[in-house]
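Visitor: next input, structure requested:
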Amino acid sequence: MSCNSRYCSGIQLTVTGRFSHCNNKRGCPKTLVFGQLFYVDYPITDKQILYFNVSDHSEQQVDFFTQDEVNLHTHCKYCRHAVGDVSDYVDKARKDGIRLLGMSDHCPVPDDRWHSARMFYSEIDDYQRDCENAIRNAGDMHIFRGFETDYHKDYVSYYRDEVLGERGFDYLLLAVHNYYAPDGSDIMIPDCPINDKAVLHTYTKTLIEGMQSGLFLYAVHPDLFAASYLEWDEEAKACSRDILACAEAVHMPIEINGQGIRAKKVVSSSGERYRYPIQEFWNLAAEYDVSVVTAADCHKPEDMLSSRKACKEIAAKANLTFARYAIDENRKIVIR
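Guide: Model (predicted):
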């Protein structure tokens with residue numbers, strides 16, 4: 001297949017699954033396939049990028065959004081540990097200059113497992129209605145309906161067929177708060193801290209399986225283990241490299257999370273630090289070809305930008321740059 005863009009005429013493209021990379025060594029921007037579109041990381045203006053249509057080789061200029069204009073990790077009252085209606089978060093996002101807002105409260109499951117920290121399954125319709133009302137009244141904002149979703153093998157078909165399929169939610173964010181412990185029991189991180197190597201490996205394995213599932217837009221707080229696995233030892237480094245290698249292999253963006261910055265700090269042998277994100281993890285991330293995003297993980301409307309500066313400082317110390325966002329012709333969010 002050739003890249004017929006006027007910026008790279010006649011160059012061969014290597015295609016693997018949904019993804020394609022231009023082989024031109026003379027400076028053609030990387031390209032990715034999303035549906036029938038090549039996303040070309042080539043700025044047309046300071047607010048537009050180029051899409052390149054695979055089927056007819058046409059080019060299309062599409063608006064993109066910088067990280068400062070986006071928050072896709074946003075909770076609300078339904079999860080029982082956040083406050084405020086969907087409309088409250090929309091109003092605050094608008095005041096803060098957010099152009100692309102995603103609501104992503106914790107996803108319930110049909111048997112209401114883990115219901116203490118998320119809405120009941122019976123409340124999905126109410127949440128969906130509130131999100132759709134916000135979309136209808138969005139004006140010049142772009143609002144999407146999603147969930148922060150714990151990967152769990154018992155619910156893969158439910159997430160795929162009902163949440164994304166029948167109900168038509170726009171996206172899922174990957175999280176691991178709940179997982180099978182090494183002894184096979186079903187546990188939640190606050191109830192069973194990641195404080196030994198076996199549990200750390202179980203967390204890592206679950207997160208990797210989630211990334212490989214193809215269900216998720218990006219992985220939130222991949223370094224959540226650091227909230228209770230306090231030491232940056234060889235085990236933590238190895239598990240972090242496994243997570244990052246998988247994110248690179250499956251082209252999964254990863255998130256520097258704002259909620260951990262707002263939480264009470266923890267003390268390791270190296271001194272006081274954020275629960276997460278941890279600088280060491282993101283320093284390692286710089287060695288991998290991964291897309292990095294940040295999000296507030298709002299649990300109150302005023303959280304929208306409250307930790308953005310600290311997240312950006314972590315990225316800057318690791319020499320990481322944040323991805324940009326676009327909305328494709330099928331109204332799907334593209335992160336690159």
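
Visitor: surely residue 147 meets residue 105?
Guide: Yes: judged on Cβ atoms under 8 Å, residue 147 makes contact with residue 105 at a distance of 6.4 Å. Just so you know, the C-beta spots here come from the backbone N, C-alpha and C atoms, and that holds for glycine as well.

Visitor: which other helices and strands does the host helix or strand of residue 248 contact?
Guide: Using DSSP states H and E, residue 248 maps to helix 234-250. Contact analysis of helix 234-250 by 3 or more Cβ pairs under 8 Å, 6 or more residues apart in numbering; DSSP states H and E lists helix 197-212, strand 254-257, helix 279-285 as its packing neighbours.

Visitor: show me the contacts for residue 245.
Guide: residue 288 (Cβ atoms under 8 Å, 6 or more residues apart in numbering).

Visitor: so how far is residue 274 from it?
Guide: Computed with Cβ to Cβ, to the nearest Å, the distance linking residue 245 and residue 274 is 24 Å.

Visitor: ramachandran angles for the residue nearest the centre of the chain?
Guide: When Cα atoms, centre = their mean is applied to the chain, the residue found nearest the centroid is residue 218 (3.0 Å). When read as degrees, to the nearest 10, the backbone of residue 218 gives phi -160, psi 170.

Visitor: so it bridges to which residues?
Guide: Per DSSP bridges, residues listed as beta-bridge partners of residue 218: residue 173.

Visitor: check the gap between residue 185 and residue 199 for me.
Guide: Counting by Cβ to Cβ, the gap from residue 185 to residue 199 is 11 Å.

Visitor: those two: which has the busier surroundings?
Guide: residue 199 (20 against 9; other Cβ atoms under 10 Å).

Visitor: surely that one touches residue 181?
Guide: Yes: at 6.7 Å, residue 199 counts as touching residue 181 under the criterion of Cβ under 8 Å.

Visitor: about what we covered before: okay, the helices and strands packed on helix 234-250, which one's buried deepest?
Guide: strand 254-257 (a mean of 28; mean count of other Cβ atoms under 10 Å).

Visitor: who touches that one?
Guide: In contact with strand 254-257 (Cβ under 8 Å, 6+ apart) are residues 73, 173, 218-222, 224, 243-244, 247, 276-277, 282, 285, 290-295, 297, 311, 314-315.

Visitor: need the buried ones from those residues selected in PyMOL.
Guide: Selection of buried members from those for PyMOL, criterion 16 or more other Cβ atoms under 10 Å:
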select buried, resi 73+173+218+219+220+221+222+224+243+244+247+276+277+282+285+290+291+292+293+294+295+297+311+314+315
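
Visitor: give me the neighbour count for residue 214.
Guide: 12.

Visitor: residue contacts, the residue nearest to the centre of the chain?
Guide: Counting by Cβ under 8 Å, 6+ apart, residue 218 has contacts 72, 173, 174, 252, 253, 254, 255, 291, 293, 335.

Visitor: can you check the pLDDT for the first one?
Guide: The predicted local confidence for residue 72 comes out at a pLDDT of 98.

Visitor: distance of it relative to residue 122?
Guide: Distance from residue 72 to residue 122, by Cβ to Cβ: 25 Å.

Visitor: of these two, which one has the most company?
Guide: Comparing residue 72 with residue 122 by other Cβ under 10 Å, the one with more neighbours is residue 72, at 26 against 10.

Visitor: right, and the more buried one touches residue 172 too?
Guide: No: the criterion here is Cβ under 8 Å, and residue 72 misses it with residue 172 at 10.7 Å.

Visitor: any residues in contact with both of these two?
Guide: With Cβ under 8 Å, 6+ apart, residue 72 and residue 172 have common neighbours 146, 217.

Visitor: list of residues touching the helix or strand encompassing residue 135?
Guide: Element membership for residue 135, per DSSP H and E: helix 124-136. The contact list for helix 124-136 (Cβ under 8 Å, 6+ apart) reads 76, 78, 85-87, 90, 103, 105, 108, 119, 143, 145, 167, 169.

Visitor: give me that answer again for 6 Å
Guide: 78, 86, 90, 103, 143, 145 (Cβ atoms under 6 Å, 6 or more residues apart in numbering).

Visitor: most neighbours, which of these?
Guide: residue 103 (30 neighbours).

Visitor: and that residue, which of the three is it?
Guide: Assigned by DSSP: H, G, I helix; E, B strand; the rest coil, the conformation of residue 103 is strand.

Visitor: show me what it bridges to in the sheet.
Guide: Bridge pairing for residue 103 - DSSP bridges - gives residue 145.

Visitor: what sits closest to residue 156 if chain neighbours are left out?
Guide: In this structure, residue 156 finds its nearest non-sequential neighbour in residue 213, 6.3 Å apart by Cβ to Cβ, 6 or more residues apart in numbering.
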